[in-house]
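Novice: Give me the fold of what follows.
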Amino acid sequence: MRQKNDLRFIIKGIIVQVGFVLAAISIFYSSLSEWEPREHWGVLFIYTLLTVFSCFLPVRLSNAVLTVNNAVIFSGILLYGVWVGVWTAVIEALIIAFLVRFNLIKAIVNLGQLLMTIWTVAFLNEWFQSLHVISPLISDLLLAVVYWFVNLILCGLGISYFYKMSWMRAVKEMTRGFTSTYLLLMILAGVGSRLVESYGLVALAPMIIAFFTISYVFLHYYENVQKLQQKVEEVKSFNHKFLTTMAASIDARDHYTSGHSQRVAHWGREIAKQIGMSPEKVEEVYFGGILHDIGKIGIEDEILNKKGKLTPEEYDKIKQHTVIGYEIIKQAGMFHELLPAIRSHHERIDGKGYPDGLVGNEIPLIARILAISDAFDAMVADRPYRKGLPVEEALQEIRRGAGTQFDEELASYFIHVINKLPREELETIIRQNDRSQKPLQDVFR
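Specialist: Here you go, the predicted structure:
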């Protein structure tokens with residue numbers, strides 16, 4: 001697998017560092033024959049000014065800074081052809097080189113991908129014009145999408161190489177949050193080009209005002225979005241501290257289960273990650289683990305801390321902690337998404353669990369996950385009436401219960417999570433806040 005990844009990286013490097021550079025040189029050289037500065041000095045001057053202004057007035061989004069110069073380049077291609085696009089791209093590259101820490105290879109690669117985008121769009125524009133069957137409005141819209149798509153693919157390839165990340169991840173990161181704004185700017189550039197074509201350079205004035213207005217609006221909009229996100233993060237941080245404190249207060253009532261909720265939450269989160277749940281759902285599973293035993297607040301200390309084996313009547317009272325916890329959170333009017341974890345983490349796949357006797361997929365996913373992590377921690381931890389099981393024996397019990405007590409697929413994922421952990425790390429997690437401090441050989445015997 002590593003050799004395969006190394007080969008991909010080498011191929012990607014050849015494409016980016018050789019292919020992009022050769023493409024930049026080739027496109028730049030071929031466009032020189034179209035440059036007639038004595039006849040078009042006014043066009044070059046205006047597009048130089050537009051490039052300078054656009055580089056210093058980007059549209060700031062929530063997760064990116066989007067340069068307006070792509071719109072300037074696009075309008076140049078539509079009005080005058082590839083040579084104006086190349087001129088504008090070179091001016092932009094020189095400005096960026098002076099504004100940021102200069103890296104020759106990255107600068108040329110970036111210019112190369114931009115020139116390939118320009119050449120592709122210019123070629124398609126000439127082809128559309130030669131067909132005489134597509135209206136300028138439709139062709140401009142198609143070309144705007146092509147510009148965005150080609151630029152996205154080539155930029156993603158360069159970023160994935162230099163930052164050693166997957167190409168798909170780079171593309172996803174780039175598309176998230178600014179695709180609609182990017183396309184809006186390109187469409188406005190197309191409209192502006194047609195206005196200039198019809199009414200002359202005087203039409204640039206309203207278009208420049210429009211771009212300034214868009215930049216200003218987005219700047220303030222995303223500033224407010226960032227402030228709101230900061231508030232959300234503050235609330236999340238408070239919730240995390242609040243829930244963790246509650247879990248600690250629950251566990252503190254039982255000398256032998258100190259840290260239990262934290263460990264159940266940890267294992268639940270690992271299972272959720274393993275099965276590919278979204279970050280938001282992974283967080284829900286974690287918090288569900290933190291609060292899963294909150295109902296034990298309503299159980300008498302004499303039962304909760306009994307040193308001998310529980311009587312059937314006492315065990316029935318213990319089983320009520322799921323319903324008590326459910327009602328506490330429900331009445332509190334918050335953390336409703338955690339209710340299934342609290343109520344149903346003792347349900348069984350075969351329907352023999354409690355409190356509702358749910359069967360199979362009737363049991364919410366979050367509860368099926370926590371049922372496994374809860375059972376595992378209960379097995380490996382010491383209790384007043386027994387010593388904790390070694391890890392291998394606990395995993396064997398999980399295997400035996402797969403399909404009856406536990407979700408079979410989730411049990412398999414959990415066993416994989418445990419087996420891939422280094423022995424020392426697994427010991428640290430199991431002994432987290434564990435006052436019994438079992439020797440390592442006892443845990444793994």
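Novice: Domains of this protein: list them as residue ranges, please.
Specialist: Annotated domains of the chain cover 2-228, 252-443 [automatic domain parsing].
Novice: CSV for the ones you listed, including distance to E234 and mean pLDDT?
Specialist: Where C-beta positions appear, they are placed from N, C-alpha and C, glycine not excepted. CSV is the format used below for the domains of the chain (distance: least, CB to CB, whole Å; pLDDT from 0 to 100):
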stretch, distance to E234, mean pLDDT
domain 2-228, 11, 80
domain 252-443, 15, 84
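Novice: export those to TSV and tack on mean neighbour count?
Specialist: Converted to TSV, the domains of the chain look like this (neighbours: other CB atoms under 10 Å):
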stretch	mean neighbour count
domain 2-228	17
domain 252-443	18
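Novice: Rebuild the ones you listed as CSV, extending it with distance to F242.
Specialist: Listed next are those as CSV, based on distance: least, CB to CB, whole Å:
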stretch, distance to F242
domain 2-228, 21
domain 252-443, 10
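Novice: between the ones you listed, which one is nearest to T245?
Specialist: domain 252-443 (9.8 Å; CB to CB).
Novice: centre of the chain versus the closest one, how much separation?
Specialist: For domain 252-443, the separation from the chain centroid amounts to 28 Å (computed by CA atoms, centre = their mean, to the nearest Å).
Novice: for the chain, what spans make up the strands?
Specialist: 59-60, 65-66 (DSSP state E).
Novice: Out of the domains of the chain, the one nearest S237 is which?
Specialist: Short answer: domain 252-443, nearest of the domains of the chain by CB to CB, at 12.1 Å.
Novice: Once you drop chain neighbours, what's closest to K296?
Specialist: H321 (4.8 Å; CB to CB, 6 or more residues apart in numbering).
Novice: same deal with G325?
Specialist: G295 (2.8 Å).
Novice: Same check on G298?
Specialist: Counting by CB to CB, 6+ apart, the residue nearest G298 is I324, at 4.0 Å.
Novice: tell me the contacts of that neighbour?
Specialist: 295-299 (CB atoms under 8 Å, 6 or more residues apart in numbering).
Novice: do V16 as well
Specialist: Shown in contact with V16 (CB under 8 Å, 6+ apart): 109, 157-158, 161-162.
Novice: Check K12 too.
Specialist: 157, 160-161, 167.
Novice: if we take the contacts of I324, which one ends up nearest to A23?
Specialist: For the contacts of I324, the nearest to A23 is G295 (65.2 Å; CB to CB).
Novice: Pull the contacting residues for that closest one.
Specialist: Contacts of G295 by CB under 8 Å, 6+ apart are 320-326, 328, 342.
Novice: now do A97
Specialist: Shown in contact with A97 (CB under 8 Å, 6+ apart): A107.
Novice: can you check N419 too?
Specialist: N419 sits next to L395 when contact means CB under 8 Å, 6+ apart.
Novice: Check the gap between it and Q274 for me.
Specialist: 12 Å (CB to CB, to the nearest Å).
Novice: re earlier: please verify my assumption that the residue nearest to K296 contacts H292.
Specialist: No: using CB atoms under 8 Å, H321 makes no contact with H292, being 9.3 Å away.
Novice: Now for the two: what residues contact both?
Specialist: Joint contacts of H321 and H292 (CB under 8 Å, 6+ apart) do not exist.
Novice: Switch the contacts of V16 over to CSV; also include distance to W87.
Specialist: Below are the contacts of V16 laid out as CSV (distance: CB to CB, whole Å):
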residue, distance to W87
V109, 19
L157, 25
G158, 22
Y161, 27
F162, 26
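Novice: and of those, the nearest to V145?
Specialist: L157 (18.8 Å).
Novice: I'd say that closest one and I15 touch.
Specialist: Yes: with contact defined as CB under 8 Å, L157 counts as touching I15 (6.8 Å).
Novice: Could you measure from the residue nearest to I366 when sequence neighbours are not counted over to A189?
Specialist: Using CB to CB, 6+ apart and skipping the chain neighbours, the partner closest in space to I366 is A341 (4.6 Å). Distance of A341 to A189, given as CB to CB: 51 Å.
Novice: Repeat that for E234.
Specialist: Here E234 is placed at a distance of 39 Å from A189 (CB to CB).
Novice: And L7, by the same measure?
Specialist: For L7 relative to A189 (CB to CB), the value is 40 Å.
Novice: you'd agree V82 is up against W119?
Specialist: Yes: the pair V82 and W119 passes the contact test of CB under 8 Å, sitting 6.0 Å apart.
Novice: what is in contact with these two at once?
Specialist: Residues touching both V82 and W119 (CB under 8 Å, 6+ apart): I27.
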